[in-house]
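S.K.: here's a sequence, model it:
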Amino acid sequence: MAVEAELNPVGVFDSGVGGLSVLRAIRQQLPDEAMIYVADQAHVPYGPRPLEQVRLFSEEITRFLLSQGCKIIVVACNTASASALHSLRQTFPQVPFVGMEPAVKPAAETSRSGVVGVLATPATFQGALYASVIERFARGVTVLQHTCPGLVAQIEAGDLASQKTRSILEEALLPMLDQGIDTVVLGCTHYPFVIPLIEEISGPGVRVIDPAPAVARQVERLLKERILRSMQLVSGGLQVFTTGEPASLAGMLPELLGEASPVEQLRWVGERLVVAR
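M.R.: Below is the predicted model of the structure:
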C-alpha cells in the first residue's frame, strides 16, 4: 500500500449510537488515527430487520466509507456482522474488515458456574456466526439467551438509567441469575452503555464482558500487519455522519463517546447513500 494510506481514516459504522462504544475503545487504543463514524439511525434498530436488508445497508455504507478514503472498515454492530460480514469480505476482497463476535469463548473459558448469559438482538442469535461460536466454544457450558426487546430504543434515546430501562434488563437478567449465571456477554454494541445498570442488577459476583477493547486491539493488529498504521504524532481527527437527526446525535456524543464532534447529515436516496448539503 502507498505510504499515504497510513493517513487515511478508519471507518466505523452501526445502525445507531451502539457502535460509539466500539469507536470509543478504538480512539483510546489508537488516538493518532483519523476516524469516520456512520450511524444509520434512519434504519435503527437493525436487530428485527431481515438479514438481506441489513446486508444491503451494510454494503452501501461500506461504499460510502471507501469513497471517503477509509483504509479499514469496522462493522461495529453485531447484527450487521452476523448478517453481512461474510458478504462484505467477498464483495470488497481488498478491504480489511473487523466485525463483532459475541464473546462466548472468554466467557466459557472463565465461567466458574458453567452458566453464561448472552444479551443480543434476534438477528444475532439467528445468524450463522453466533451458531458457529456456540458450536466451537460453548461445549460443556450452559448458554442462556435474551433479546432485551426495547433496550436499543432506550439507549438510542439516551435513556440509560430509567425505571423502564431497568425493567427491560431485570426481565432478561433475573431469570438467568436464578439459573446460576456468573458471566454476562454483551452481544450488541449498544449494551455497554448500560453496564452500570447491568452490574447493579447482577451484583459483584457476575462478570460483564464488553467486546469493544478486544475489537480495538484487532483493528491495531490488522493495521500493523498491512503497514497501514498511522505514524502521526498528533491526535487523529473525527468525522461523524448520521442518516437520522444530526443535532440529536451531536448532543449525545460527549456522554457516549467522551468527546464532542460536529455531525453531518447523510440521506438514503433509494438504495444509495448521499451527503446532504
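
S.K.: which secondary structure elements does the helix or strand of the chain at the bottom of the mean pLDDT ranking sit against?
M.R.: The weakest-scoring helix or strand in the chain, judged by mean pLDDT, DSSP states H and E, is helix 122-126 (a mean of 87). Packing partners of helix 122-126 (3 or more C-beta pairs under 8 Å, 6 or more residues apart in numbering; DSSP states H and E): helix 51-67, helix 78-91. Bear in mind the C-beta positions are built from the backbone N, C-alpha and C, glycine included.

S.K.: out of the ones you listed, the one nearest residue 22 is which?
M.R.: helix 78-91 (10.3 Å; C-beta to C-beta).

S.K.: after the closest one, next one along is what?
M.R.: Following helix 78-91 in sequence order, the next helix or strand is strand 97-98 (DSSP states H and E).

S.K.: going on from that following strand, what's the next piece of helix or strand?
M.R.: Following strand 97-98 toward the C-terminus (DSSP H and E): helix 104-110.

S.K.: my read is that residue 267 contacts residue 243, right?
M.R.: Yes - the pair residue 267 / residue 243 is scored as a contact, 6.6 Å apart, by C-beta atoms under 8 Å.

S.K.: which neighbours do those two share?
M.R.: residue 273 (C-beta atoms under 8 Å, 6 or more residues apart in numbering).

S.K.: and the two? Which one has more around it.
M.R.: Taking other C-beta atoms under 10 Å, residue 267 and residue 243 do not tie; residue 243 has more neighbours (22 against 12).

S.K.: residue 7 and residue 161, how far apart?
M.R.: Using C-beta to C-beta, to the nearest Å, residue 7 is found at 40 Å from residue 161.

S.K.: oh, that last question was meant for residue 223, not what I typed.
M.R.: Distance, residue 223 to residue 161, by C-beta to C-beta: 36 Å.

S.K.: before we move on, what about residue 251?
M.R.: Note on residue 251: its distance to residue 161, by C-beta to C-beta, is 17 Å.

S.K.: same question, residue 111
M.R.: Using C-beta to C-beta, one obtains 28 Å as the distance from residue 111 to residue 161.

S.K.: which of those two has more neighbours?
M.R.: With neighbours defined as other C-beta under 10 Å, residue 111 and residue 161 compare such that residue 111 has more, 20 against 12.

S.K.: count of residues packed around the nearest residue to that one once chain neighbours are set aside?
M.R.: Leaving aside its chain neighbours, residue 111 sits nearest to residue 183 (5.0 Å; criterion: C-beta to C-beta, 6 or more residues apart in numbering). For residue 183, the tally of surrounding residues (other C-beta under 10 Å) stands at 25.

S.K.: for the stretch 151-277 of the chain, just list every one of the helices.
M.R.: Using DSSP state H, counting those that start in this stretch, the helices of the stretch 151-277 of the chain run over residues 151-156, 163-178, 195-202, 212-225, 246-256.
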